[in-house]
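Participant: sequence and predicted structure below; questions after.
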Amino acid sequence: MRLSQTRMFRSDESLAGHRAQQRLRLAALTAFLAFGLAGCGSSKPVKYYQLTPPATTLASSPAGIDAVILVRLFQTSHLYREDRIVYGTGTQELGLYESNRWAQPPSELLQDALARGLRASGQFSRVTTMRSDAAIDYYLTGHLYSFREITGGNVSARLSFDVDLVDLKRGRSIWRHTYDHDEACTGKGVGDVVAAMDRNVQSSVQEIQNGIVQAISNYHPQPQ
């Protein structure tokens, strides 16, 4: 009788151990599947967006302006030195899209758009972004404040920056200007925001171009 009870006890103990191993295997499998599903969810493809290159136009003056313009990279927040698209409902709280990004950081997009736009206008002898160019007459510098989506009821693309046109030889600013505009979006998708920002940037390039032409035309420095 004692032998039979001992065998039953050992049998129950083995069964309990087997069930514990099954539970461990099931828990491990569940964790593996959960990790796999989480990995699938985080592999959302990243989309990159770029601005439309400026169209080449004929200069309003056949002779143009005999000047070489340098467009410098603007100072800005670290948010606009990265490629992720920035959004926000107001002026204080901002966020970043994880899988929607610019092809270049906004600071570089703006520099490139201004340089290409001024060059395509045919108004100037040459437009460059190379600071080592010894033939530079004027340089355009500035500060980029906003290059982002405004979320909420009316979605728009906000672009805000200051520019300063400097006579390099005399170290004198001859023109300062602020561009600050919210371009309304036709929809609420990221593509709609990109299209609105594209229009906003193109408008700013035209406004800056007109200001530079007028400033240099009216500038008559005294001989050194």
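Facilitator: Yes, it's here.
Participant: got the domain boundaries for this protein?
Facilitator: Structural domains annotated on the chain: 1-43, 47-217, as defined by automatic domain parsing.
Participant: average pLDDT across the last one?
Facilitator: In this model, domain 47-217 carries a mean pLDDT of 92.
Participant: measure it end to end?
Facilitator: By C-alpha to C-alpha, to the nearest Å, the extent of domain 47-217 from end to end equals 43 Å.
Participant: kindly report the same for stretch 99-111.
Facilitator: Stretch 99-111 has an end-to-end distance of 24 Å (criterion: C-alpha to C-alpha).
Participant: pairing partners for Tyr87 in the sheet, please.
Facilitator: Listed by DSSP bridges, the beta-bridge partners for Tyr87 are Gly95, Glu149.
Participant: wait, it sits on Gly152?
Facilitator: No. Judged on C-beta atoms under 8 Å, Tyr87 makes no contact with Gly152 at a distance of 10.1 Å. All C-beta spots, glycine's among them, are computed from the backbone N, C-alpha and C.
Participant: more neighbours, these two?
Facilitator: More neighbours surround Tyr87 than the other of Tyr87 and Gly152, with 18 against 11 (other C-beta atoms under 10 Å).
Participant: list the contacts of the more buried one.
Facilitator: With contact taken as C-beta atoms under 8 Å, 6 or more residues apart in numbering, Tyr87 is in contact with Leu94, Gly95, Leu96, Tyr97, Arg148, Glu149, Ile150, Thr151, Val193.
Participant: hang on, isn't the first one packed against Ile85?
Facilitator: No. With the criterion set as C-beta under 8 Å, Leu94 and Ile85 do not qualify as a contacting pair; they are 10.9 Å apart.
Participant: nothing else from me, thank you.
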